[in-house]
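Novice: Need a 3D model of the sequence below.
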Amino acid sequence: MSTLFLTLYNSSMKKYDVIVIGAGSAGLGSSGVANVLGLKTLLIEKNNDNFGGDCTNFGCVPSKALIHIANQFYQAKSAERFGLQFTGKADMGSILDHIHQMQKVIKDTEDAKALRKKGIDVVIGKAAFESKDTLKVNNETYSARVILLCTGSLPRKLDVEGIDSVKVYTNETIFFDCRKLPENFVVIGGGPIGCELGQAFSRLGSKVTIVNQGDRLLDKEPKNISEILETRFKAEGIQILNGAQVRIFKDGKAHITSKEKEGLEIACDAVLVSVGRTVNTNGMNFETAGIALTKKGKIKVDEYLQTTNKKVYVIGDAAGSYMFSHGAEKMVRQLWRNLLIPIFKKKNSWNDLSWVTFTDPQVAHFGLTEEKLLEQGIKYHRQNQSFEHDDRAIVEEYTYGSISLWFNDNDTIGNKKIISGSMIAPRAGELVQELELAKHAGIPISKLNNRVYPYPVAARINQKTIRGVMEQTRSDWKLRLARTAFRWFHS
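Specialist: Numbers count the residues shown, from 1 in each chain. Below you'll find the model as predicted:
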């Protein structure tokens, strides 16, 4: 009887080369690679509305659309000094409708229907492990040679007394539920989400207070960049409370304790909670599959993104390291390279990671931070450059900008190569791309120094920074030699 049951069970099981769980950036990328390779691929997503994952539905796409609209408000208000009259206030209902229209354009290319047209099998439902290589979804059983967990992350919850008495948003709810502009908006958290959305709502007309537990905004960035951003925010009327925590919400106010002030009370109509994210691990029967978790509840993965179950790998936010859509893209490429060429596997690392915070001004970084360079004992030369005397910055009023580049310190000056960079300026995320390419390609800085940039493109600041390094080659003896040569040939 047991043999007959096992035979029937196996015959009803659907077998695949690859099963991908989660249709976010990591899941879509991985299923796409597997499908292009001609592997029999199944993509499982628990929510039919969530294709595209956090980035498309709750993160990058809607937030950048909101920022785009908020910046139009800000530019219009800024033009009042030149005679423009600006009246009215933001209609959040219309803004959200516009955002959803933009999302739909993107989502239509990555939903279940579009993926099935490409030949990828798609199942909507909650997946749970039945064994090390077997999953059950909607009472159907599936197995695969390799299973990829791309289950993403969730906003971390905030446990503060009285929080139920105030309207609370996270990045997962604000783009759907906030159809009325809050008059007094408290943002809890000074990371990228808190800074981006806090500034956007301030520009739309909310009175924004950022309550930040850390000592400064964007504490992963160099201190001078955080200080510039804080100065810009304060100039726009955003209140920043560093080293602060909300103690209680009561009577329409947030009661705050900070290093600078005790018993501070701030009017509060709504709250944005942006205090980090947690890996999504609920209800998948990891124990049955032999997948271990860390003490902090994250999925235990090795340097190659493999779990304690050798058939199961983790990509994207679920891996618990860098939670960026392009971070997921990086992991997808790396993992598939290792799956196809397992003899010389590459380790997962931060070394080539870059990121942009889309505030105004933007904050961009690529390569290892200075802290990591010191930790790893990497010798470097740091070159700082202000935008104070940059012509483009002068005419467009962003002379507050700053760039720092880190170069290897074991070559002659002209042969030095860029290893890291940080910038704060309008469009900083675009401006650093040529520098990041130079880093990846190992281009000596003399090549960038000798380029001729059209005047006055914003990217000339990159060359100016590099020339600050190259000027170290102008020793007195070289200058004397140049003068002698000139006078000799033109006597």
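Novice: Which residue ranges make up the domains of this protein?
Specialist: Taking automatic domain parsing as the domain assignment, the ranges for the chain are 2-52+110-155+278-344, 163-275, 361-473.
Novice: Would you map the helices across the stretch 51-200 of the chain?
Specialist: In the stretch 51-200 of the chain, the segments counted as helices under DSSP state H, counting those that start in this stretch are 53-57, 60-78, 92-107, 112-117, 174-177, 192-204.
Novice: Go through these and name the closest to Val332.
Specialist: Closest to Val332 of the helices of the stretch 51-200 of the chain, according to C-beta to C-beta: helix 53-57, at 12.7 Å. From N, CA and C alone the C-beta is placed, and that goes for glycine too.
Novice: Packing partners of the closest one?
Specialist: Here helix 53-57 touches helix 25-36, helix 92-107, going by 3 or more C-beta pairs under 8 Å, 6 or more residues apart in numbering; DSSP states H and E.
Novice: which intervals of the stretch 351-491 of the chain have sub-threshold pLDDT?
Specialist: 473-474 (pLDDT under 70).
Novice: rewinding a little: got the helices and strands packed on helix 53-57 as TSV, with distance to Ile225, mean pLDDT and mean neighbour count columns?
Specialist: Formatted as TSV, the helices and strands packed on helix 53-57 follow (distance: least, C-beta to C-beta, whole Å; pLDDT from 0 to 100; neighbours: other C-beta atoms under 10 Å):
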stretch	distance to Ile225	mean pLDDT	mean neighbour count
helix 25-36	26	95	24
helix 92-107	28	94	15
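Novice: List the beta-bridge partners for Thr134.
Specialist: Here Thr134 sits in beta bridges with Ser131, Ser143, as judged by DSSP bridges.
Novice: was I right about it contacting Arg145?
Specialist: No: with contact defined as C-beta atoms under 8 Å, Thr134 does not reach Arg145; the gap is 11.9 Å.
Novice: separation between Asn71 and Ile343?
Specialist: Distance from Asn71 to Ile343, counting by C-beta to C-beta, to the nearest Å: 50 Å.
Novice: which one of those two has more residues nearby?
Specialist: Asn71 (16 against 5; other C-beta atoms under 10 Å).
Novice: quick one: contacts for that one?
Specialist: Residues near Asn71 by C-beta atoms under 8 Å, 6 or more residues apart in numbering: 203, 360.
Novice: From Ala364, how far out is it?
Specialist: Distance, Asn71 to Ala364, using C-beta to C-beta: 17 Å.
Novice: so how many other residues sit close to Thr359?
Specialist: 22.
Novice: Which residues lie in contact with it in this structure?
Specialist: Neighbours of Thr359 in contact, by C-beta under 8 Å, 6+ apart: 195-196, 199, 229.
Novice: Was I right to think Ser354 contacts Gly367?
Specialist: Yes: between Ser354 and Gly367 there is a contact under C-beta under 8 Å: 7.3 Å.
Novice: what residues are shared contacts of the two?
Specialist: Taking C-beta under 8 Å, 6+ apart as the contact rule, Ser354 and Gly367 both touch Glu436.
Novice: okay, the two: which has more neighbours?
Specialist: Neighbour tally, Ser354 and Gly367, criterion other C-beta under 10 Å: the higher count belongs to Gly367, 24 against 20.
Novice: Bridging across strands, which residues link to that one?
Specialist: Gly367 has these beta-bridge partners by DSSP bridges: Ser420.
Novice: Check whether it really touches Trp350, as I assumed.
Specialist: No: counting by C-beta under 8 Å, Gly367 does not reach Trp350; the two are 9.1 Å apart.
Novice: Reformat the domains of the chain into TSV and put distance to Trp488 next to each item.
Specialist: What follows is the domains of the chain, written out as TSV (distance: least, C-beta to C-beta, whole Å):
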stretch	distance to Trp488
domain 2-52+110-155+278-344	55
domain 163-275	46
domain 361-473	22
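Novice: Which of these sits closest to His100?
Specialist: Closest of these to His100 is domain 163-275, at 7.9 Å (criterion: C-beta to C-beta).
Novice: Met92: which of the domains of the chain is closest?
Specialist: Nearest of these to Met92, taken as C-beta to C-beta: domain 163-275 at 4.9 Å.
Novice: Tell me the secondary structure at Lys346.
Specialist: Put simply, Lys346 is coil when judged by DSSP: H, G, I helix; E, B strand; the rest coil.
Novice: Excluding chain neighbours, what is closest to it?
Specialist: Nearest non-adjacent residue to Lys346, counting by C-beta to C-beta, 6 or more residues apart in numbering: Gln334, 5.8 Å away.
Novice: go on, Ala318?
Specialist: Spatial nearest neighbour of Ala318, excluding adjacent residues (C-beta to C-beta, 6+ apart): Thr151 at 4.7 Å.
Novice: isn't the one you found right next to Gly22, touching?
Specialist: Yes: applying C-beta under 8 Å, one finds Thr151 in contact with Gly22, separated by 4.6 Å.
Novice: related to what we said a few turns ago, so what does the residue nearest to Ala318 look like in phi/psi?
Specialist: Backbone torsions of Thr151, given as degrees, to the nearest 10, read phi -90, psi 0.
Novice: What about it, how many residues nearby?
Specialist: By other C-beta under 10 Å, the residues close to Thr151 number 26.
Novice: Tell me the spacing between it and Gly320.
Specialist: Separation of Thr151 from Gly320 (C-beta to C-beta) stands at 11 Å.
Novice: can you list residues touching both of those two?
Specialist: With contacts defined as C-beta under 8 Å, 6+ apart, the residues shared by Thr151 and Gly320 are Val279.
Novice: Pull the number of nearby residues for Leu340.
Specialist: The tally of other residues near Leu340 (other C-beta under 10 Å) stands at 9.
Novice: What of Thr41?
Specialist: Neighbours around Thr41, by other C-beta under 10 Å: 26.
Novice: Could you find the closest non-adjacent residue to it?
Specialist: Closest to Thr41 by C-beta to C-beta, 6+ apart is Ala34, at 4.3 Å.
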